[in-house]
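Asker: Quick one, structure for this:
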Amino acid sequence: MNDTIAPEKGSSPEAIENHYGTGNEYFALWLGNAMAYSCALWDENDPDQSLDDAQMAKILHHCDESHARDGKHVLDIGCGWGGVMQHLVDHYNVGSVTGLTLSDSQKEWVDNKNDKRVESRLESWKDHKPKNTYDAIISIGAFEHFAKLGMSGEEKIAAYREFFLKCHSWLQPRSYLSLQTVAYGNSLTEDFDKFISSEIFQETDTPKLHEIAAGCERLFEVVRLRNDRDDYRRTLRAWYTNLRANRERAVELQGEKEVKRFERYLRLMAYMFEVGGLDLHRITLRRIDDPK
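Answerer: From the prediction side, this is the model:
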């Protein structure tokens, strides 16, 4: 087992805030009531399904796959605006949820709800030191930020292994990690769009599926894996439609240049998922309690 820790890290707090720092009101214009900035889970048999319903289906999926029900303590890595955390304490009888984010605006959003069962920390998973072990871990849309462009495959695997080692040490025996991440599909690292890497998600390189598998080898058993790339195409199209419908207010908040930047980003990413350049993996992982 190679537990080498990568010398390089993923996206910095500055790079994350460069994107999310555009403000909560701006994102609320097009993310929908769920305030979920990750791929929804759509019903392919329901073309009229709303974005909010599809986002709730995604939340339910991860709550169930993580086996979080009735847990004393649950961790949400990359908690965003707290939708998963709130659902866990309101509907799954979870005692407390700790959420990690690198965005000041997201933390402010969560803290304003003033729910003592929910704790939002402005903290990287690399620096997290839990007070207690967790009964379940959920991480949606954060994993794709754990490596930087320019890192070798070995460095990326080492960075991912550091993440899985920490999750393994934080979890109770026989517990689960429910993971959702963008990954390379039928494309190569050199195909990574320069506009996305320089203006949208700085300091970020997406994983390949084999790198995820190598990172968690003999730490977590892959129980289920699904590739829902068309769900992300549909999600991005819904966001784009919402942004266009609220464009006047968006321009008032952020200016014409910024809105055009996001419109280009949403269209481009939807195309990448449509043609299979990018995949969307939902992975159910069970802790291997006694790795050999």
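Asker: Next, the buried residues of stretch 36-50.
Answerer: Using 16 or more other CB atoms under 10 Å as the burial criterion, the residues of stretch 36-50 that qualify are 36, 37, 38, 39, 40, 41, 42, 49. The way it works is simple: take the backbone N, C-alpha and C, and place the C-beta from them, glycine included.
Asker: Adding distance to residue 126 and secondary structure, write those residues out as JSON lines.
Answerer: Compiled in JSON lines, the buried residues of stretch 36-50 are given as follows (distance: CB to CB, whole Å; DSSP: H, G, I helix; E, B strand; the rest coil):
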{"residue": "36", "distance to residue 126": "24", "secondary structure": "coil"}
{"residue": "37", "distance to residue 126": "21", "secondary structure": "coil"}
{"residue": "38", "distance to residue 126": "21", "secondary structure": "coil"}
{"residue": "39", "distance to residue 126": "24", "secondary structure": "coil"}
{"residue": "40", "distance to residue 126": "28", "secondary structure": "coil"}
{"residue": "41", "distance to residue 126": "29", "secondary structure": "coil"}
{"residue": "42", "distance to residue 126": "33", "secondary structure": "coil"}
{"residue": "49", "distance to residue 126": "37", "secondary structure": "coil"}
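Asker: Taking the residues you listed, tell me the two that lie furthest apart.
Answerer: Distance extremes for the buried residues of stretch 36-50: the farthest pair is 37 and 49 at 18.7 Å, using CB to CB.
Asker: Quick one: residues contacting the closest residue to residue 175 other than its chain neighbours.
Answerer: Counting by CB to CB, 6 or more residues apart in numbering, residue 175 lies nearest to residue 287, which is 5.2 Å off, once chain neighbours are set aside. Each residue near residue 287 by CB atoms under 8 Å, 6 or more residues apart in numbering is listed here: 168, 171, 172, 173, 174, 175, 176, 177, 219, 220, 221.
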